[in-house]
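Mind looking at a prediction? Sequence and model below.
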Amino acid sequence: MVQTSPPATEVVRQIAPWQLGVLVAAPVVALAARLLNTPWYQNDDDTPDNARVLTEIAGSTVANDIGAVLTMVSGMLYVAAAVVLGLWVRSRMPRTATAGLVLASVGGFGLVAFGDQLMIIGQAARLEEHRGAMIALLQASYDSPQAGISYLLLVLGALGWVLLGVVLYRGRVVPRAAAVIVALGGAGVMVTAPGPAVSFIAGAAVISLVGMVWVLATQRQTEG
């Protein structure tokens, strides 16, 4: 016996107003964080320019501290957003939606870990008398296995948002263009977290915001 999915309108109506607020708040907070944080600049050979990063952070420590906190908050909001979207479309493609929910949530926790790392780097930048040692320490952190694990969490999160986008796209819960933008934006926020350019990392958050707002607009049209 073939199971049929409920009409799209029934699924859309399950999103509560506070849940829609979470979907929009996640990219808004991520955008604010990325405008405050100092990007992780790179040299011409694509290696981290740790001296420049620490010097620029030292010149705007308060802004970077706020950005680090907002990065952690945005990570938790993206976990919540993944849960909202995953449960919303789960009836369409249960396995894919569940996998997307779990992986996207993992990426959100990766953002939290990255924000914590930014906070630590901000404190290191304040130790100007030990700048040489801090540069070496930062380079060692880049080269450590833990750094690779942190980025792996973000990559898994990006995959999760792609899967959620697939369910939105194939389930016809929202316009297909909106589904694509939600997937690109969510994945972009994950993989661009380390930088290296403000326009690059902020642009991903803007794309994510456009996708989430489109979902919100679709919800309101359906309720109307």
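Sure thing, it's come through.

What residues of stretch 160-171 count as buried?
Gly160, Trp161, Val162, Leu163, Leu164, Gly165, Val166, Val167, Leu168, Tyr169, Gly171 (16 or more other Cβ atoms under 10 Å). No exception for glycine: its C-beta is placed from N, CA and C like everyone else's.

And the residue nearest to the fourth one when sequence neighbours are not counted, how far from Asp49?
Going back to what we said before, that points to Leu163. Distances taken as Cβ to Cβ, 6 or more residues apart in numbering place Gly100 nearest to Leu163, at 3.2 Å, with adjacent residues excluded. To Asp49, Gly100 is 35 Å away according to Cβ to Cβ, to the nearest Å.

Have a look at the two and say which one is more surrounded.
More crowded of Gly100 and Asp49, by other Cβ atoms under 10 Å: Gly100, with 28 against 18.

what sits against the more buried one?
Contacts for Gly100 were tallied using Cβ atoms under 8 Å, 6 or more residues apart in numbering; they are Ala82, Leu85, Gly86, Gly160, Trp161, Val162, Leu163, Leu164, Val166, Val167.

Among those, which are located in helices?
Mapping those onto helices (DSSP state H) picks out Ala82, Leu85, Gly86, Gly160, Trp161, Val162, Leu163, Leu164, Val166, Val167.

now, the most widely separated pair of the residues you listed?
The most widely separated members of these, counting by Cβ to Cβ, are Ala82 and Val166 (13.8 Å).

picking up where we left off before, return the member of the contacts of Gly100 nearest to Val53.
Of all the contacts of Gly100, Val53 sits closest to Trp161, with 27.2 Å by Cβ to Cβ.

Tell me the predicted confidence for the closest one.
Turning to Trp161, the model gives it a pLDDT of 97.

swap in Gly186?
Reported pLDDT for Gly186: 95.

That one sits in which helix or strand?
Using DSSP states H and E, Gly186 sits within helix 176-191.

Give me the angle between the helix or strand following that helix and helix 176-191.
Taking DSSP H and E as the definition, the helix or strand that follows helix 176-191 towards the C-terminus is helix 198-223. Interaxial angle, helix 198-223 versus helix 176-191 (axes from the mean of the first three to the mean of the last three Cα atoms, to 10 degrees): 140 degrees.
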